[in-house]
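1. Sequence and predicted model, in that order:
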Amino acid sequence: MKKLIALSSLALLLAACNDQATPVAPEQEEPETPIEEPATPETSETPTTEQPADNETSQQQVDTTIEGVEEREQTLIVETVNNFSTAYAESVNTGTIQPLMNGIIMHGTDYNIQVEQDVLALHGQGIAENPVSLEVSLMKKIGDTDYEAHAVERVEHVKDGKVQNITYERTYSLFYDYVEGSPEAPSFFKVVNVATKISE
């Protein structure tokens, strides 16, 4: 009888231990749930790593603006834009479009009339123009003979002894006159149109 009591007491003790062990297990698992939560910020970091990829794409887009323009053509474009800037100032100062017509602007375009009006208007106001700096910031090939260039030009307008600094933002439409298959033949660009935005 004592053995039965002892065995039943032992069985009750084991059952009690099992009952206590059951709640302990979930308590140990609960701290693991917060540990998994920081994994969520890791997934939120994924877009951050994708953003530089977007930046790289935009840089490639900027680089592609001179794709298709060979080094020799780039040199000729910069030379043409510089010649235009110098001739434009000379035309304003003299009141004649002749400096621009000497191999710079293509004859027979609508731009011939517009640029003459612009030059005469500045000259009529008594303005003299002095080029200060010029930077060609973009070049691209549009067709076999059609190119485009963007330039920022800083000039001084002098009137009655007073100097005013002007910035021209100009987009040049250019025609490439070259002889196909003859690299030695003289090639040059001519200005077909210039869209000008002025900021002081």
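-> Sure thing, it's come through. Residues are numbered from 1 along each chain as shown.
2. Name all residues that make contact with residue 100.
-> 84, 87, 88, 91, 115, 119 (CB atoms under 8 Å, 6 or more residues apart in numbering). Quick note: C-beta positions are derived from backbone N, CA and C, even for glycine.
3. again with residue 152
-> Residues in contact with residue 152 (CB under 8 Å, 6+ apart) are 134, 135, 137, 167, 168, 169, 170.
4. Give me the PyMOL select line for these, limited to the buried ones.
-> To isolate the buried members of the contacts of residue 152 in PyMOL, using 16 or more other CB atoms under 10 Å:
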select buried, resi 134+168+170
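5. picking that back up, what is the nearest of the contacts of residue 100 to residue 129?
-> Residue 129 lies nearest to residue 88 out of the contacts of residue 100, by CB to CB, at 7.3 Å.
6. ok, residue 73 to residue 189 distance?
-> 8 Å (CB to CB, to the nearest Å).
7. export the contacts of residue 100 to TSV and tack on secondary structure and distance to residue 162?
-> Converted to TSV, those look like this (DSSP: H, G, I helix; E, B strand; the rest coil; distance: CB to CB, whole Å):
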residue	secondary structure	distance to residue 162
84	helix	26
87	helix	24
88	helix	21
91	helix	21
115	helix	25
119	helix	21
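8. which of the residues you listed has the most neighbours?
-> For the contacts of residue 100, the largest number of neighbours (other CB atoms under 10 Å) sits with residue 88, at 28 neighbours.
9. List the residues that contact that residue.
-> When contacts are counted by CB under 8 Å, 6+ apart, residue 88 touches 99, 100, 115, 119, 129.
10. would you list the contacts of residue 152 in a markdown table and tack on secondary structure and pLDDT?
-> As requested, these are arranged in a markdown table below (DSSP: H, G, I helix; E, B strand; the rest coil; pLDDT from 0 to 100):
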| residue | secondary structure | pLDDT |
| --- | --- | --- |
| 134 | strand | 96 |
| 135 | strand | 96 |
| 137 | strand | 89 |
| 167 | strand | 97 |
| 168 | strand | 95 |
| 169 | strand | 96 |
| 170 | strand | 97 |
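11. want to throw the contacts of residue 152 into CSV with distance to residue 194?
-> Shown next, in CSV, are these (distance: CB to CB, whole Å):
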residue, distance to residue 194
134, 13
135, 16
137, 15
167, 15
168, 9
169, 11
170, 5
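12. now the strands for the protein?
-> Counting by DSSP state E, one finds strands in the chain at the ranges 128-141, 146-159, 162-177, 188-199.
13. okay, those strands, which one's buried deepest?
-> Of all the strands of the chain, strand 146-159 carries the top mean neighbour count, a mean of 18, counting by mean count of other CB atoms under 10 Å.
14. Now do that one and strand 162-177, the angle between them.
-> 160 degrees (axes from the mean of the first three to the mean of the last three CA atoms, to 10 degrees).
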